[in-house]
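*Asks:* just a sequence and a predicted model for now, questions to come.
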Amino acid sequence: MAEQDGVKRALIVVDMQEDFCPPHGSLAVPLGRTLSPLINTLLGLPPSKFSLKIATKDWHPQSHISFASNHTNKYPFVDFATITNPYNPLEKYETRLWPDHCIQNTPGAEIIPELDKSQFTHVIEKGTDPRVEMYSAFHDPFTAPRVSDSGLGDLLKQHEIKEVYVVGLAGDYCVRCTAEDSVKEGFTTYVIEEGTKAVDPSAWEASKTEMEQNGVKVVSKGDEVVKR
Ligand code: VGL
Ligand code: ZN
């Protein structure tokens, strides 16, 4: 029985912010707002199920490198840019460009009011360094050296978390990268499928397959592992 098994679990609610939700979000994920009832149900579970309930917020400065508006002749959604590690010019990655979104302390960066925010034990801000894109709530993709770390990995380890459940937005970007980094950090990691929506719904099946190949367990809200 999960209630007595002593395994510590964390729920990570990724980027449930106005800018990722219809109808007004600048980077609205189709049906993003419809996730609230399920996420509230998960947030209402007792500490024996989730000892930590963590909200993440995409929390960008206006100068963030992922905004097409900060590049010349680049269009959001369709164009990409190369990001170079400021400490190591040999490390680079290509990144998709977006409309301005989740700018620190603006209404678009607010967590949507439908969520029961009083249940969150911690809030983690990510994407705060203007020089790197960071879909993962743990850290940026660079390694040698890393540019930005949110402290999420240390937080989970301090609390002796063994299993991580990820929900929120967007399934094919921040949820996926957070879940894949969670596996790399050594946590048994689940994505609850009904608890997420993708920016590109047509590519969701492929994203799921790749996530599973990277060790993430994609489960349904009805699965025993979620309900027990
Ligand atoms: C996200 C695109 C840009 C996400 C964040 O939360 O999935 N996607 N920034
Ligand atoms: Zn972002």
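*Replies:* Looks like it came in fine. None of these values were measured; they are calculated from a predicted model. Residues are numbered from 1 along each chain as shown. Ligands and ions are numbered 1, 2, ... in the order given.

*Asks:* compute the first-to-last residue distance for stretch 195-208.
*Replies:* Chord length of stretch 195-208, first to last residue, is 13 Å (Cα to Cα, to the nearest Å).

*Asks:* anything in that stretch near ligand 2?
*Replies:* No - using Cβ under 5 Å from the ion, we find that stretch 195-208 stays clear of ligand 2, coming within 10.8 Å at best. The way it works is simple: take the backbone N, C-alpha and C, and place the C-beta from them, glycine included.

*Asks:* give me the contact list for that stretch.
*Replies:* Residues outside stretch 195-208 that contact it (Cβ atoms under 8 Å, 6 or more residues apart in numbering): 14, 27, 29-32, 34-35, 38-39, 42, 166-173, 175-176, 193, 218, 221.

*Asks:* buried sites along it?
*Replies:* By neighbour count on 16 or more other Cβ atoms under 10 Å, the buried set for stretch 195-208 is 195-199, 204, 207-208.

*Asks:* I'd like the average pLDDT over that stretch.
*Replies:* Mean pLDDT, stretch 195-208: 97.

*Asks:* which residue does the chain have closest to ligand 2?
*Replies:* residue 58 (4.2 Å; Cβ to the ion).

*Asks:* out of everything not next to it in sequence, what's closest to that residue?
*Replies:* Leaving aside its sequence neighbours, residue 58 sits nearest to residue 102 (Cβ to Cβ, 6 or more residues apart in numbering; 3.9 Å).

*Asks:* if I read this right, that neighbour contacts residue 108, doesn't it?
*Replies:* Yes - using Cβ atoms under 8 Å, residue 102 is in contact with residue 108, at 6.0 Å.

*Asks:* for residue 131, what are its contacts?
*Replies:* Taking Cβ under 8 Å, 6+ apart, we find residue 131 in contact with 65, 83, 86, 147.

*Asks:* buried ones among these?
*Replies:* Those of the contacts of residue 131 that meet the buried threshold are 65, 83, 147, by 16+ other Cβ under 10 Å.

*Asks:* residue ranges of the helices in the chain, please?
*Replies:* With DSSP state H as the criterion, the chain has helices at 36-43, 152-158, 176-184, 204-213, 224-227.

*Asks:* how many residues are close by the nearest residue to residue 69 once chain neighbours are set aside?
*Replies:* Spatial nearest neighbour of residue 69, chain neighbours left out: residue 100 (5.6 Å); criterion: Cβ to Cβ, 6+ apart. When neighbours are counted by other Cβ atoms under 10 Å, residue 100 registers 19.
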